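[1] pasted the sequence and its predicted model underneath.
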Amino acid sequence: MEPKREKETVKGLFFFVPVIFICVYHFFFVSLQPDLRIMSEIYEKDKLYEFLRPMQEWLFRHAYRRFQQCHLERLPKDGAIIFAPNHTNALCDALAVLGIGMDRKVFVARADIFRKPKQAAILRWLKIMPIRRMRDGAAEVLHNNETEDKAIETLRNGVKFCILPEGTHRTKHSLLPLAKGIFRIALRANEEFGHEKPVYIVPVGIEYGDYFHLWDDLTVNIGEPLNVTEYVSRHPELDKPQLILALRDELTLKMRASFLWVPDDDDYDKNWAKLRENPPAPFDRFKKKRVPKGLRLTGLILTAPLFVVCAALTIPLWALMLHVRRTVKDPAFHNSVQFVLHFLLIPLSLFIMLFPWMGFEEYMYQIRRFKIEN
């Protein structure tokens with residue numbers, strides 16, 4: 001571990017223990033009881049949410065072996081921002097966007113996970129709104145008007161909004177056709193207050209070193225913003241349906257340029273292998289370097305005693321992780337569920353578990369690399 005990262009780790013640890021039990025109590029016995037408080041707007045500040053954000057951000061960054069955010073200077077400073085990330089890793093994609101600055105952001109997620117009242121209350125507290133998809137039925141999609149209203153209100157009040165325009169996740173370095181919802185929201189926002197401040201759609205390229213395991217690397221790359229207000233003014237001849245199609249084409253190109261995009265065709269595997277060997281900047285920083293087979297094997301043997309100690313100290317944690325991974329059918333959710341468990345369990349285990357767990361993850365990472373490269 002790098003010296004700077006070690007110092008950050010130790011400093012971050014002291015934040016957890018004094019507050020975790022108070023936070024859990026407040027969340028379950030106060031925050032989720034609608035009769036005990038007046039429900040605020042989803043984009044407004046929540047004291048507990050703001051209090052826990054630094055802990056969540058610290059844990060998320062330290063869930064990856066190497067982490068970088070690129071081209072933050074591209075973020076517009078003069079308008080309303082709608083983030084449009086690629087979608088490959090369930091909840092972790094939203095957390096990657098949430099970490100672009102410490103300001104508030106509101107998200108959307110598929111409506112079916114809001115059916116249970118308690119679950120819906122938790123999601124709302126996390127600043128997530130439901131959105132219906134065409135697969136839910138035409139009648140259900142009509143309910144999206146309320147979501148659009150809330151999205152416009154969020155943007156009007158200076159809070160950033162995030163929607164994953166592919167509509168579903170897929171663990172591939174390609175891009176599904178973009179849904180129209182993000183463009184309807186952007187165009188309506190432009191109609192209502194575009195004369196006061198411009199409306200931007202900002203593509204975010206999220207690139208994982210491993211889709212199915214934490215403790216690898218993560219790059220969050222800000223793409224070139226799409227100025228919707230300017231685009232509309234430059235194309236007065238286009239009606240709304242035409243604008244939606246034109247904006248979709250523009251955003252598709254910008255999103256492809258923001259991550260390691262590979263055409264989803266018969267040559268996908270071959271093209272991805274080539275791109276992985278020689279990735280462009282900024283993704284070249286984490287380019288995997290081949291270590292001689294004998295040297296890697298020697299290193300694994302020499303550090304095996306340390307691995308045994310780390311594994312023994314973290315048996316409850318990694319056993320629970322293995323159990324959960326086996327019960328979650330969609331492997332794209334493994335990282336998300338694992339991070340949630342990290343968020344709940346690591347602060348409680350603190351000094352006893354964290355450093356051994358990081359040693360355990362490092363050793364397993366080296367074993368995975370050994371298998372892949374040989």
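    Received, thanks.

[2] tell me how many other residues crowd the residue nearest to Pro177 when sequence neighbours are not counted.
    Of all residues not flanking Pro177 in the chain, Glu166 sits nearest, at 7.7 Å (CB to CB, 6 or more residues apart in numbering). All C-beta spots, glycine's among them, are computed from the backbone N, C-alpha and C. The number of residues packed near Glu166 is 19, by other CB atoms under 10 Å.

[3] you'd agree Glu166 is up against Thr88?
    No: using CB atoms under 8 Å, Glu166 is not in contact with Thr88; the gap is 9.1 Å.

[4] ok, back up a step: the residue nearest to Pro177 looks like it's in a strand, true?
    No: counting by DSSP: H, G, I helix; E, B strand; the rest coil, Glu166 falls outside a strand, being coil.

[5] and the protein, what are its domains?
    34-284, 289-373 (automatic domain parsing).

[6] mean neighbour count, the ones you listed: which tops it?
    domain 34-284 (a mean of 17; mean count of other CB atoms under 10 Å).

[7] measure how far that domain is from the centre of its chain, please.
    From the chain centre to the centre of domain 34-284 is a distance of 9 Å (CA atoms, centre = their mean, to the nearest Å).

[8] the stretch 101-250 of the chain: strands as residue ranges?
    Counting by DSSP state E, counting those that start in this stretch, the stretch 101-250 of the chain has strands at residues 105-110, 128-131, 160-162, 199-208, 217-222, 226-227.

[9] among those, which is nearest Thr147?
    strand 128-131 (5.2 Å; CB to CB).

[10] show me what that closest one is packed against.
    When contacts are defined as 3 or more CB pairs under 8 Å, 6 or more residues apart in numbering; DSSP states H and E, strand 128-131 packs onto strand 105-110, helix 144-156.

[11] so which of the ones you listed comes closest to Arg256?
    When the helices and strands packed on strand 128-131 are compared (using CB to CB), the closest one is strand 105-110, at 22.1 Å.

[12] what pairs with the closest one, and is each one parallel or antiparallel?
    Strand pairing for strand 105-110, using DSSP bridges, gives strand 128-131 (parallel), strand 160-162 (parallel).

[13] pull the residues that contact that strand.
    42-43, 83, 94, 97-98, 123, 126-131, 133, 136, 147, 150-151, 154, 159-164 (CB atoms under 8 Å, 6 or more residues apart in numbering).

[14] so Ala84, which state does it fall into?
    Ala84 ends up strand, using three-state DSSP.

[15] ok, now how distant is it from Ala111?
    Counting by CB to CB, to the nearest Å, the gap from Ala84 to Ala111 is 20 Å.

[16] again, but for Cys92
    Distance, Cys92 to Ala111, by CB to CB: 21 Å.

[17] how about the most centrally placed residue in the chain, secondary structure?
    Among the residues of the chain, the one closest to the centroid is Asp93, at 2.1 Å (CA atoms, centre = their mean). Secondary structure, three-state DSSP: Asp93 is helix.

[18] so where does His334 fall, helix or strand?
    Using DSSP states H and E, His334 sits in helix 334-373.

[19] name the helices or strands packed onto that helix?
    Partner elements for helix 334-373 (3+ CB pairs under 8 Å, 6+ apart): helix 3-13, helix 17-26, helix 47-62, helix 91-98, helix 293-302, helix 304-313, helix 315-327.

[20] how about a markdown table for those helices, with mean pLDDT and distance to Gln119 added?
    Below are these laid out as a markdown table (pLDDT from 0 to 100; distance: least, CB to CB, whole Å):
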| stretch | mean pLDDT | distance to Gln119 |
| --- | --- | --- |
| helix 3-13 | 45 | 29 |
| helix 17-26 | 44 | 17 |
| helix 47-62 | 89 | 17 |
| helix 91-98 | 94 | 14 |
| helix 293-302 | 90 | 42 |
| helix 304-313 | 85 | 34 |
| helix 315-327 | 80 | 18 |
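
[21] any weak-confidence spans in the stretch 251-374 of the chain?
    346-354 (pLDDT under 70).

[22] mind doing that once more with 90?
    Along the stretch 251-374 of the chain, segments meeting pLDDT under 90 span 276-278, 284-296, 306-374.

[23] quick check: the residue lying closest to Thr171 once chain neighbours are set aside vs Asn86, distance?
    Nearest residue to Thr171, sequence neighbours excluded (CB to CB, 6+ apart): Tyr211, at 4.2 Å. According to CB to CB, Tyr211 and Asn86 sit 12 Å apart.
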